[in-house]
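Participant: fold the stuff below for me.
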Amino acid sequence: MHQDVIDLKGFYYSRALGRVVQRILRDRMLQHWPAEQVAGMTVAGYGFAAPLLRPYVAPARRVTALMPGPQGVMAWPAGLPNHSVLCDEGAWPLDTGSVDRLVMLHAIEVADYPPALLEEAWRVLGPGGRMLVMATNRTGLWARSEATPFGYGRSFTLGQLEAQARSAGFVPEQSGAALYIPPSDRRFWLKSAQMWERAGARISRLLVAGVVVAEFSKQVPAPIGKGKRLRMPNPLGVLEGIGRPKPVREGALRQDASPVSATGRALPPR
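Facilitator: Just a heads-up that it's a prediction; the model follows:
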């Protein structure tokens, strides 16, 4: 069940709790991919990842915020040329292998068919590309609260999320969690959010996070192995005509030949 883009925008940009969540998730993303490391790369976000992508707008070669049709789309970023586009879950308007970094937020939880979504993510990522998925933790408090976008759709454990990605061909790289504060608008929790994030990263076994964060890579194996051969083009193929010349028909040679004088110059036709 997709949430409307108006509700998502209101949570992340107008509500105090949403702004805190935006900062926490953005900081966690930047720990994986610092802004200076994506300079010259193509970055994309699917779902409602726009609140996280702003640090990449300047250094990256291209940034695109993909938003599914049932959710709706909004112009983003504010004050700059639009980088957002409305798309179908299984057909993104991106070339195959054109993306270097992909972020998913509020995406796999509400997908109609998660395997098709991950297959499309695999298609647009180039070899060695990275995907960062932030999904609602099944055992966390945020999955039980419908007052935030994390209370909608499916929720996942880290193992379930990694199994879904492996089935699509991705390789797990790093994993973690975020949102150790409860989904509350009370000032105590909002002001102490960063402290709880630091504490949660150290004692995550005791504190249950609201979001699981997993990074995956696209590794394309070389087509070498039992029953497979590596085909290389023949470098002499360009000289194929020279290596195997074809004789000209005798009649055509006589018809095309021009009379030649004793000095070697062609004579005018009669």
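Participant: and the gap between the residue lying closest to Asp185 once chain neighbours are set aside and Ala199?
Facilitator: Nearest residue to Asp185 in three dimensions, chain neighbours excluded: Leu17, at 5.1 Å (Cβ to Cβ, 6 or more residues apart in numbering). Every residue, glycine included, has its C-beta placed from N, CA and C. Taking Cβ to Cβ, to the nearest Å as the measure, Leu17 falls 19 Å from Ala199.
Participant: more neighbours: the two, which one.
Facilitator: Leu17 (20 against 14; other Cβ atoms under 10 Å).
Participant: hmm, Thr148 and the more buried one touching each other?
Facilitator: Yes: the pair Leu17 / Thr148 is scored as a contact, 7.2 Å apart, by Cβ atoms under 8 Å.
Participant: and for these two, which residues touch both?
Facilitator: Common neighbours of Leu17 and Thr148, using Cβ atoms under 8 Å, 6 or more residues apart in numbering, are 11, 183.
Participant: which other helices and strands contact the lengthiest strand in the chain?
Facilitator: For the chain, the longest strand by residue count, based on DSSP state E, is strand 125-136. The helices and strands touching strand 125-136, judged by 3 or more Cβ pairs under 8 Å, 6 or more residues apart in numbering; DSSP states H and E, are helix 16-32, strand 99-105, helix 158-167, strand 170-178, strand 211-218.
Participant: tell me the helix or strand right after the first one.
Facilitator: Heading C-terminal from helix 16-32, the first helix or strand you meet, by DSSP states H and E, is strand 42-47.
Participant: how distant is that following strand from the center of its chain?
Facilitator: Counting by Cα atoms, centre = their mean, to the nearest Å, strand 42-47 is centred 5 Å from the centre of its parent chain.
Participant: equivalent analysis for stretch 160-168, please.
Facilitator: The chain centroid and the centroid of stretch 160-168 are separated by 15 Å, computed with Cα atoms, centre = their mean.
Participant: please shift the residue numbers so they start at 521 in all later answers.
Facilitator: Sounds good: first residue 521 from here, last item stretch 680-688.
Participant: I'd like the mean pLDDT over that stretch, please.
Facilitator: Taken as a whole, stretch 680-688 carries a mean pLDDT of 93.
Participant: not counting its own residues, what contacts that stretch?
Facilitator: 628, 634-635, 638-639, 641-642, 651, 653, 655, 658, 676, 692, 695, 732, 734, 736.
Participant: now do stretch 695-704
Facilitator: Under Cβ under 8 Å, 6+ apart, the answer for stretch 695-704 is 537, 540-541, 544-545, 548, 654, 657, 660-662, 665, 667-668, 670-671, 678, 682, 709-710, 712-713, 716-717, 719-721, 724, 727-735.
Participant: show me which of these are buried.
Facilitator: Neighbour counting by 16 or more other Cβ atoms under 10 Å classes 537, 540-541, 544-545, 548, 654, 657, 660-662, 668, 670-671, 678, 682, 709, 713, 716-717, 720-721, 727, 729-735 among those as buried.
Participant: show me the shaky parts of the stretch 621-770 of the chain.
Facilitator: Along the stretch 621-770 of the chain, the model assigns pLDDT under 70 to residues 724-727, 742-770.
Participant: centroid residue for this protein?
Facilitator: When Cα atoms, centre = their mean is applied to the chain, the residue found nearest the centroid is Leu622 (2.8 Å).
Participant: now that one: how far from Val733?
Facilitator: Leu622 is 14 Å from Val733, by Cβ to Cβ.
Participant: end to end, how far does stretch 559-579 reach?
Facilitator: End-to-end span of stretch 559-579 (Cα to Cα, to the nearest Å): 5 Å.
Participant: just stretch 656-669 next, same as before
Facilitator: End-to-end distance for stretch 656-669: 9 Å, by Cα to Cα.
Participant: who's in contact with it?
Facilitator: For stretch 656-669, contacts defined as Cβ under 8 Å, 6+ apart pick out 523, 527-528, 531, 537-538, 541, 568, 626, 629, 670-677, 680, 697, 699, 702-703, 728-732.
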